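# attaching a predicted model along with its sequence, questions to come.
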Amino acid sequence: MSSHDHDPDVIVVGARCAGASLAMLLARRGRQAIVLDRARFPSDTISTHFLWPRSTAALARWGLLKALAATGCPPIETVAFHAGPVALRGRPEAVDGTAAMYCPRRTVLDKLLVDAAREAGAEVREATLVREVVREGDRVVGVKAVDESGETIELRAPLVVGADGLNSSIAGMVGAAMSRSHPSLTCGFYAYWSGLPVDGVEFYLRQGRDILVFPTHDGLTCLWVGRANGDWSAYRADIEATYLASLDPALRARVQCARRESTFKGTHRLPNFYRDCAGPGWALVGDAAYHRDPLTGMGIGDAFLGAELLADAVQRGLNDDLDGALAAYQETLRDRTAAVFEYTLMSAALKDPEPQAALYRAIAAQPDTIQRLMNVLGGSASFRSLFNVRTMGALLRQSC
Ligand SMILES: Cc1cc2nc3c(=O)[nH]c(=O)nc-3n(C[C@H](O)[C@H](O)[C@H](O)COP(=O)(O)OP(=O)(O)OC[C@H]3O[C@@H](n4cnc5c(N)ncnc54)[C@H](O)[C@@H]3O)c2cc1C
């Protein structure tokens, strides 16, 4: 077993949207961060990858958006949102001066973040699997991991962060309790297609189905087809037939002229929950802390938000009261994501058509409300500005 010469300030487990971003932000503030991931980058993961302005704005704040654009990812100019009986089209306004939307492959985006973390001075160790947390009393003080040579290493730090995704092993090891837990509502498969032109990004919210169509690198289009979670066994038994049968006829006709360039990737493990995300010597960020159905395309942006909030808390806490700063981080993260969580639960139920259809019909009847919906989704307006009880009630009355 080997150990590290100097203890870092923070050990981060997981080096994708949450972990690499956090390590980069901490290193830029002069903190010593070590980030460990069992993967080697570039590395793919099961995820589509649409970035609303809420997500690209973080990349712009961090000085990484131009580098992303330079990878040849096509910019997305419009959002077509088909909900129940209505089709809405528009473009979200800028968040912090950034209106860009992209759908970068995770092989590209995650590598960009890992490189940025390294460039900022964080130590990134790939092919390193964390197996245990080290404790002193009830405090987490480090981790034991197996590195790429198969050697067990022990690292110690005042803070261990689990940025290790939905099935966070750090959450399991520290016994982080689950709260606000709701079972998976959808399931689905996606694939990459050539010869499937798409004008912007297309979202379809239908009874029992959700469909997302995004342009990505290399002239390919990513097409996700979701179904109610209970359909998983039948879907998996005949993926291609279910996938194609679930499309609206006009989209199906377009897909029938296209060519599938990848296998289908999919999942039915899409639970909705908050975990306790701070404790003595540990914290969670990204999907490890908070997970919701991916149909709103906000997981990456929320991982970026969590990284920024946690970096602020760690910076404050390491100078003063770490546990207090982490408790405040948990509260702020929940407050900033609560409305997205509720909207996602409502949408992922894939119910048709009332009262959601009435809501969307009412939105479609007013151009300024369409813009407001776009801004809410994009991140420049709060969910509460459109979906609070009074507004929703008024919208429903107007549509009757
Ligand atoms: C089907 C699907 C579609 C999605 N579509 C979108 C979308 O269009 N837009 C969007 O914004 N979001 C989308 N999301 C959500 C998005 O993928 C996640 O929110 C995001 O990946 C969370 O990032 P993360 O860094 O928290 O975790 P992850 O991306 O899961 O990264 C966790 C990392 O931790 C590492 N790790 C785990 N355990 C260990 C260990 N013990 N030791 C070392 N390393 C470890 C893993 O190797 C991995 O690299 C989608 C998700 C799914 C499932």
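Done, it's in.

# now Ala328: phi and psi?
Main-chain dihedrals, Ala328, degrees, to the nearest 10: phi -70, psi -40.

# scratch that, Arg31
The phi/psi pair for Arg31 (degrees, to the nearest 10) reads phi -90, psi 150.

# isn't it up against Gln315?
Yes - using Cβ atoms under 8 Å, Arg31 is in contact with Gln315, at 7.1 Å. Bear in mind the C-beta positions are built from the backbone N, C-alpha and C, glycine included.

# ok, for Leu305, nearest residue in space, not its chain neighbours?
In space, and not counting its chain neighbours, Leu305 is closest to Arg336: 6.3 Å by Cβ to Cβ, 6 or more residues apart in numbering.

# so for the protein, the centremost residue is which one?
Gly299 (1.6 Å; Cα atoms, centre = their mean).

# list the contacts of that one.
Shown in contact with Gly299 (Cβ atoms under 8 Å, 6 or more residues apart in numbering): Cys17, Ser47, Gly286, Asp287, His291, Arg292.

# the ligand next: which of those are close?
Among the contacts of Gly299, proximity to the ligand is found for Cys17, Ser47, Gly286, Asp287 (Cβ under 6 Å from any ligand atom).

# tell me the one of the residues you listed nearest Ala228?
Nearest to Ala228 out of the ones next to the ligand among the contacts of Gly299 is Ser47 (Cβ to Cβ; 20.2 Å).

# check whether the closest one really touches His291, as I assumed.
No - counting by Cβ under 8 Å, His291 is not a contact partner of Ser47; they are 12.0 Å apart.

# of these two, which one has the most company?
His291 (25 against 21; other Cβ atoms under 10 Å).

# state the pLDDT value of Arg390.
The score at Arg390 is 55. That number is its pLDDT.

# likewise Gly393?
Turning to Gly393, the model gives it a pLDDT of 49.

# same question, Ile363
85.

# farthest-separated two in the ones next to the ligand among the contacts of Gly299?
Greatest spatial distance among these (Cβ to Cβ): Ser47 and Gly286, at 11.7 Å.

# what's the nearest residue to Phe189 if we skip its chain neighbours?
Gly266 (3.4 Å).

# check the gap between the residue nearest to Leu305 and His49 for me.
In this structure, Arg336 and His49 are 22 Å apart, going by Cβ to Cβ, to the nearest Å.

# before we move on, what about Glu342?
Separation of Glu342 from His49 (Cβ to Cβ): 24 Å.

# more crowded one of these two?
Per other Cβ under 10 Å, whichever of Glu342 and His49 has more neighbours is His49, with 26 against 16.

# what's the burial count for Pro53?
Using other Cβ under 10 Å, Pro53 is surrounded by 26 other residues.

# list the contacts of it.
Per Cβ under 8 Å, 6+ apart, neighbours of Pro53: Pro92, Glu93, Ala94, Val95, Thr98, Ala99, Ala100, Met101, Gly378, Gly379, Ser380.
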